[in-house]
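Engineer: Need a 3D model of the sequence below.
(2 chains)
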Amino acid sequence: EAGVAQSPRYKIIEKRQSVAFWCNPISGHATLYWYQQILGQGPKLLIQFQNNGVVDDSQLPKDRFSAERLKGVDSTLKIQPAKLEDSAVYLCASSRESTGPRHTFGSGTRLTVV
Amino acid sequence: AQSVTQLGSHVSVSEGALVLLRCNYSSSVPPYLFWYVQYPNQGLQLLLKYTSAATLVKGINGFEAEFKKSETSFHLTKPSAHMSDAAEYFCAVSDLARSGNTPLVFGKGTRLSVIA
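Structural biologist: Numbers count the residues shown, from 1 in each chain, chains lettered A, B, ... in the order given. Reported below is the predicted structural model:
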């Protein structure tokens, strides 16, 4: 099966600019996650979708981050305005009900805010 | 709240030597446990998972891990290290108390270096 697709792979922006990341999960995977991985740390959940509904966004900085999964398939994560501390790798993952919480990850988007 | 502790941010072994990466978890109920590997500029790849079946779990690339409830541990081992094993390794836990697919809580990772 095709993997989780993410784009772009790399992005450099200035602080206070906006940026958007895209993710297309594995076909048939109802659950989609966005994680933030800061250099030297493990991934941290930002938001979880089940189909097109939000299950958990308790750790999403809602004053600047937003995410949507309108048709229950692909998803977009946006940051506006970006801060220096948002520099990180943004990982998208998906899973299906039959395999429980086992995640399949995309290659990630490396964001550098200067 | 769940948490995962990986002892040692960096482990260095000689090629052919035993690999031991340590992971301890805290969870109110027996969890699902995972080990993922991350190569430079790539996403995370699943090595193995524990889902309350056999306590000794075999994964890909010769890795295995043993779930020890009494020690709340899930250490990753490989009998003989290969140069290609050099990467970042993450232990993760998922809460079985929640229904449906649940997110993972990750440790901070252990960077494995293999010396020729």
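Engineer: So, low pLDDT: which residues of chain B?
Structural biologist: Scanning chain B for pLDDT under 70 picks out the ranges B:95-100.
Engineer: same check, this time on chain A
Structural biologist: A:1, A:97-100.
Engineer: secondary structure element for the residue nearest in space to the middle of it?
Structural biologist: Centroid-nearest residue in chain A: residue A:34, 3.0 Å away (criterion: C-alpha atoms, centre = their mean). Element membership of residue A:34, judged by DSSP states H and E, is strand A:31-37.
Engineer: Are the helix or strand following that strand and chain B in contact anywhere?
Structural biologist: Later in the chain than strand A:31-37, the nearest helix or strand by DSSP H and E is strand A:44-50. Yes - Strand A:44-50 lies within reach of chain B by C-beta under 8 Å from any C-beta of the partner chain, at A:44-45, A:48, A:50. The way it works is simple: take the backbone N, C-alpha and C, and place the C-beta from them, glycine included.
Engineer: The residue nearest to the centre of chain A against residue A:67, yeah?
Structural biologist: Yes - counting by C-beta atoms under 8 Å, residue A:67 is a contact partner of residue A:34 at 6.0 Å.
Engineer: got any residues that touch both of the two?
Structural biologist: A:46-47, A:75, A:77 (C-beta atoms under 8 Å, 6 or more residues apart in numbering or on different chains).
Engineer: Among these, give me the pair with the biggest separation.
Structural biologist: A:46 and A:75 (11.1 Å; C-beta to C-beta).
Engineer: So which of those two has more stuff around it?
Structural biologist: residue A:75 (24 against 21; other C-beta atoms under 10 Å in any protein chain shown).
Engineer: What residues are bridge-paired with the more buried one?
Structural biologist: residue A:23 (DSSP bridges).
Engineer: got the contact list for it?
Structural biologist: Per C-beta under 8 Å, 6+ apart, neighbours of residue A:75: A:22-23, A:25, A:32, A:34, A:49, A:67-69, A:92.
Engineer: quick one: contacts for residue A:87?
Structural biologist: Here residue A:87 is in contact with A:38-39, A:111-113 (criterion: C-beta under 8 Å, 6+ apart).
Engineer: Looking at the residues of strand A:44-50 next to chain B, state which has the most neighbours.
Structural biologist: residue A:48 (25 neighbours).
Engineer: check contacts around it.
Structural biologist: A:31-33, A:54-57, B:101, B:103.
Engineer: Could you do residue B:24 as well?
Structural biologist: B:4-5, B:7, B:71-74.
Engineer: run the last query once more with 10 Å
Structural biologist: B:3-7, B:68, B:71-75, B:91, B:107 (C-beta atoms under 10 Å, 6 or more residues apart in numbering or on different chains).
Engineer: Including neighbour count, distance to residue B:32 and secondary structure, could the residues you listed go into a markdown table?
Structural biologist: Shown next, in a markdown table, are the contacts of residue B:24 (neighbours: other C-beta atoms under 10 Å in any protein chain shown; distance: C-beta to C-beta, whole Å; DSSP: H, G, I helix; E, B strand; the rest coil):
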| residue | neighbour count | distance to residue B:32 | secondary structure |
| --- | --- | --- | --- |
| B:3 | 12 | 15 | strand |
| B:4 | 23 | 12 | strand |
| B:5 | 14 | 17 | strand |
| B:6 | 21 | 17 | coil |
| B:7 | 14 | 21 | coil |
| B:68 | 12 | 15 | strand |
| B:71 | 10 | 17 | helix |
| B:72 | 15 | 14 | coil |
| B:73 | 18 | 15 | strand |
| B:74 | 28 | 10 | strand |
| B:75 | 19 | 16 | strand |
| B:91 | 30 | 12 | strand |
| B:107 | 24 | 14 | coil |
